[in-house]
Structure formats: C-alpha cells, structure tokens
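Engineer: Pasting a predicted model and its sequence here:
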Amino acid sequence: MLSFEEQAQLAAAMCATAEALGHTLSASAADLMAQDLVDYSVADIANALKACRHEANKLTLPAILQRLHAVDGRPEANEAWAIALQSFDEVQTVLVTPEIQQAAAAASPVMAAKDKIGARMAFIAAYDRLVAEARRTAQPVNWTLSLGYSQELRAAAIEEGLRLGRITSESATALIAQHSLPAITQDGQAIAGLLTGTGPAPSPDLRGKWQAVRNDIQAARRRREVQRLWNSRKERRELAAKKQAVAALISAKQEAQVDA
C-alpha cells in the first residue's frame, strides 16, 4: 500500500502526465485518483502512467486501471477457459488462478450435463465478474497447481508455468520437491531460457526439433507467398479477360450502329 508521501508524489506525477497529454488535472482530482490506486505498487503505477503518455489521449482513472490490469498476469477469458477445460480432466495437472478455479466450479454442473457451450458461457460470466472484483481490490495474480493423477504431466505443467513466467524457478524447484517429481530437464531449462536469455544450451535432439519447426514455418511462408503470387496473376488474367470482353462488346455495338 502506498504511503502518504508516495500518494503525494503520485498525485504530482499524474498532474505532470496530464499536462504532457495536453490538459490539466486539478490537485484535488489527482489526490482522489491517487487514493484509488493505493493498493498498487509504485513501479506498476509508473509503468501505467508511461503507457498512458504513449497511448492515451487524456489521463483518466479508467485509463490508468486499464493499463494496470493489462499487465497483472491474469489471462483473458478465452485463455482462462482453455485452462479450465484442462482442469476438468482429472489426469491433467494445470496451473490455475483462484478466479479460474471458482469459475470452473460454477461451470462444472453444466459441463457435467455435456453442454460445453453453456459451460463456457457460465465460466466466462463468472470469471469476468471474479477478475473484475480482484482487480478492483488490487489483488495480485496467484498461480497454484491443480494436481492431476499423472506425475509426468505434473512435471510438464510446472515446466510450462516456468516457461510462461507464471512461477519462478525457486517455486518450480519447491513444487517438484514437494510432489517428488523428477527435476526439470536441461531442455526444460533451455526453453525457459528463451524468455530470459539465460540458461543451458538445448540438447541436440531439442535443437533438431526447433530446427524442424523453423523449417516448417519457413516452408509454410513460402507456400503462402507462392499462393499469393498465383492469386495475383489469376486476378490480373481475369481482369484482362473482362476488359477484352467489354471492348469486344463495345466494338460490336459500334459496328451494329454503323450497319444500321
């Protein structure tokens, strides 16, 4: 929670940000806005104000909150639903937030009735409401492990959480020890290192898989480019044929008028 001194500094920063955007913000309004942001960290608010200076037309409390929420680590509703679908499978282990868990519980009876569309609608309605409340009270995101039966999938879920930055390496090590799982592989650490720029080199097997993925992506791009060129030539040929047909029609009409 921000101290009184930090609130005063924040109010001054908001006045300066508003001025940078071409309008004024009264001291009393800035003070009220600062009070509404006391539950957020100084660093997060500073980043939000910087984003407002680059993106917003006017500094408002909703504009600041929108940018604070965008980086709070909570997935959007559709991504959260995909995670919830995994959690319905008792074999799978997934990392979930409290909002995902509670929304999945609300949708569970509908899912049990084999109404997947209705379950998704119930989940998203509950999830959006829970996330809005958590954000209103500035609760930080909290990822926890929802355990499934498969120990191998537990290790994979932890590695995935580490790769996505949802848990720290210390948390991953503690979870592996807690659940008596094999240590994160060198390849798992290498994948996580893609995000941080650090970590061990991948194994030859993983390096080969990465190269195969790159080759597939490049081949797909080449196919798309060839198709684009083909479509472009086809359109030009069709346009030329239409022009010739129109010219022939005009010429025929002119000849008919001359004969008449």
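Structural biologist: Okay, I see it. Numbering: from 1, shown residues only.

Engineer: tell me what the longest helix along the chain is packed against?
Structural biologist: Scanning the chain for the longest helix, with DSSP state H as the assignment, gives helix 204-259. Packing partners of helix 204-259 (3 or more C-beta pairs under 8 Å, 6 or more residues apart in numbering; DSSP states H and E): helix 186-196. Heads up, the C-betas are built off the backbone N, CA and C, glycines and all.

Engineer: So for the helix it packs on, mean pLDDT?
Structural biologist: Across helix 186-196, pLDDT averages out at 57.

Engineer: and if you look at stretch 161-168?
Structural biologist: The predicted model assigns stretch 161-168 a mean pLDDT of 85.

Engineer: buried ones in that stretch?
Structural biologist: Buried residues in stretch 161-168, counted by 16 or more other C-beta atoms under 10 Å: 161-163, 166-167.

Engineer: Same question for stretch 68-82.
Structural biologist: Buried positions in stretch 68-82, judged by neighbour count with 16+ other C-beta under 10 Å: 68-69, 74-75, 77, 80-81.

Engineer: In helices, which of the residues you listed appear?
Structural biologist: Checking the buried residues of stretch 68-82 against DSSP H, those in helices are 68-69, 77, 80-81.

Engineer: on that earlier part again, how far is the longest helix of the chain from where the chain is centred?
Structural biologist: 35 Å (C-alpha atoms, centre = their mean, to the nearest Å).

Engineer: What's the mean pLDDT across it?
Structural biologist: 78.

Engineer: Next: stretch 73-84.
Structural biologist: pLDDT averaged over stretch 73-84 gives 93.

Engineer: Now tell me what touches it from outside.
Structural biologist: The contact list for stretch 73-84 (C-beta atoms under 8 Å, 6 or more residues apart in numbering) reads 94-97, 99-100, 103-104, 107, 120, 123-124, 127-128, 131, 134-135, 140-141, 143, 166.

Engineer: What of stretch 94-103?
Structural biologist: For stretch 94-103, contacts defined as C-beta under 8 Å, 6+ apart pick out 74-75, 80, 83-84, 86-87, 104, 123-124, 126-127, 130-131, 134, 141-146, 148, 157-158, 160-161, 166-167.

Engineer: List the buried residues in it.
Structural biologist: So stretch 94-103, judged by 16+ other C-beta under 10 Å, has buried residues 94-97, 99-103.

Engineer: Which secondary structure elements does the helix or strand hosting residue 170 sit against?
Structural biologist: Per DSSP states H and E, residue 170 falls inside helix 169-178. Helices and strands touching helix 169-178, by 3+ C-beta pairs under 8 Å, 6+ apart, are helix 151-163.

Engineer: helices or strands up against the helix it packs on?
Structural biologist: Going by 3+ C-beta pairs under 8 Å, 6+ apart, helix 151-163 lies up against strand 94-96, strand 144-146, helix 169-178, helix 186-196.

Engineer: Next, the angle from it to helix 169-178.
Structural biologist: Angle of helix 151-163 versus helix 169-178, following axes from the mean of the first three to the mean of the last three C-alpha atoms, to 10 degrees, is 170 degrees.

Engineer: gap between helix 151-163 and the chain center?
Structural biologist: 20 Å.

Engineer: With stretch 91-109 instead?
Structural biologist: 18 Å.
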